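S.K.: Return atomic coordinates for the entry below.
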Amino acid sequence: MNTPVRAYLALLIALALGWLVLRLPAFGAVPASAGVVAATVLYAGSHMARMLRLALLSLDRRDRAFALASAHALTAFPSSFAPFKAGELLRLVALVRAHGNRGKAVALWLAERCGDVVVISVFILALYLFDVDVPPAMRTVLVLFLLASLAGLFALLAVAKTFVFLNRHLVLVSHSRHGLLLLRASHALRRLELHFQRCLEGRTAAFLLLSLVVWTLELAALGLFFRTAGSGGDFAATFAASLLHALPGRAAGGFGLYQSLALVLLTLIFTGAVALAAHLTSKRP
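M.R.: Below you'll find the predicted structure:
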């Protein structure tokens, strides 16, 4: 374990313990009944399913499965406070560092996001089919996700294939500085496409199933909390807010508080696991 990782883990522990100390009085407003505890466990389970999904996508590098799972667990808590899902950048950096191959790590992250977009879009469309009142925020989520899906398909099926012929043309014809730069960018995108395909090769059904499990657990946690804690908030609006921003916090009547608690516990558990693994590795002859 190198110095930057030690520094990050120390800062993360300080942040987690500081959050516990500062937010401990707030738990009195939402007592930890059996239903609330079960909702918290379900939410933590959704993150465990995310880690299994990472392991599934990286079967060609099984030796990195624990590192990738730890990268998720150790960035989930700080990422949850970043507005507009900006914390995904921290998570992406951690995945790149844990995997060791930048192109494959980016492809793995993109595959995760595609799975999330597909499953959430299906859930939102199901609300429309069953004539459930959909709040404006969730309509915004649906539009953004559909646009992202269309852009991804366009990039994968049209642009990436075009780059194959562009590369041939640049190699045979262009010798200018700008042509070489374009060739390099085109080659990088082509490799990213190939990494993306290999992440899902023979695993698409299992990947979509795990993505469904992830979001089913998260929705079940939110629904169970609303039912047992007697929150006066709006379920669909809270879910949409959590997709667009970070933790819903007070808007969910305290659910965001217990979400953070689940992430803090995962942080502390995996910090200990990473430290133990580093210690055992250092003791090997």
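
S.K.: Helices of the stretch 51-200 of the chain, residue ranges please.
M.R.: 65-79, 87-99, 102-129, 136-154, 160-172, 177-200 (DSSP state H, counting those that start in this stretch).

S.K.: Pick the most buried one from those.
M.R.: Sort these by mean neighbour count, taking mean count of other CB atoms under 10 Å, and helix 65-79 sits at the top with a mean of 21. C-beta here means a position set from N, CA and C on the backbone, and glycine is covered the same way.

S.K.: Pull the distance from that helix to the chain's centre.
M.R.: 9 Å (CA atoms, centre = their mean, to the nearest Å).

S.K.: I'd like to know which elements it is packed against.
M.R.: Applying 3 or more CB pairs under 8 Å, 6 or more residues apart in numbering; DSSP states H and E, we find helix 65-79 packed against helix 3-23, helix 34-57, helix 87-99, helix 255-283.

S.K.: Next, the angle from that helix to helix 3-23.
M.R.: Following axes from the mean of the first three to the mean of the last three CA atoms, to 10 degrees, one obtains 50 degrees for the angle between helix 65-79 and helix 3-23.

S.K.: Look at Val274 and report its pLDDT.
M.R.: Model confidence at Val274, given as pLDDT, is 88.

S.K.: doesn't Leu12 make contact with it?
M.R.: No - using CB atoms under 8 Å, Val274 is not in contact with Leu12; the gap is 10.4 Å.

S.K.: Now do the shared contacts for the two.
M.R.: Counting by CB atoms under 8 Å, 6 or more residues apart in numbering, the contacts common to Val274 and Leu12 are Leu74.

S.K.: so what's the residue of the chain most remote from its centre up against?
M.R.: Relative to the centre of the chain, the most outlying C-alpha is that of Val173, 42.1 Å out, by CA atoms, centre = their mean. By CB under 8 Å, 6+ apart, the residues touching Val173 are Gly179.

S.K.: now for the helices and strands packed on helix 65-79, which one comes closest to Asp133?
M.R.: helix 255-283 (20.0 Å; CB to CB).

S.K.: and the angle for the closest one with helix 3-23?
M.R.: 150 degrees.

S.K.: what's helix 255-283 packed up against?
M.R.: Under the contact criterion of 3+ CB pairs under 8 Å, 6+ apart, helix 255-283 touches helix 3-23, helix 34-57, helix 65-79, helix 204-229.

S.K.: got the buried residues for the last one?
M.R.: What it means is helix 204-229. Across helix 204-229, burial judged by 16 or more other CB atoms under 10 Å covers 207-208, 210-222, 224-226, 229.

S.K.: Going by contacts, tell me the helices and strands next to it.
M.R.: Under the contact definition 3+ CB pairs under 8 Å, 6+ apart, helix 204-229 sits against helix 34-57, helix 102-129, helix 235-244, helix 255-283.

S.K.: tilt between it and helix 34-57?
M.R.: 170 degrees.

S.K.: ends of stretch 73-86, how far apart?
M.R.: 17 Å (CA to CA, to the nearest Å).
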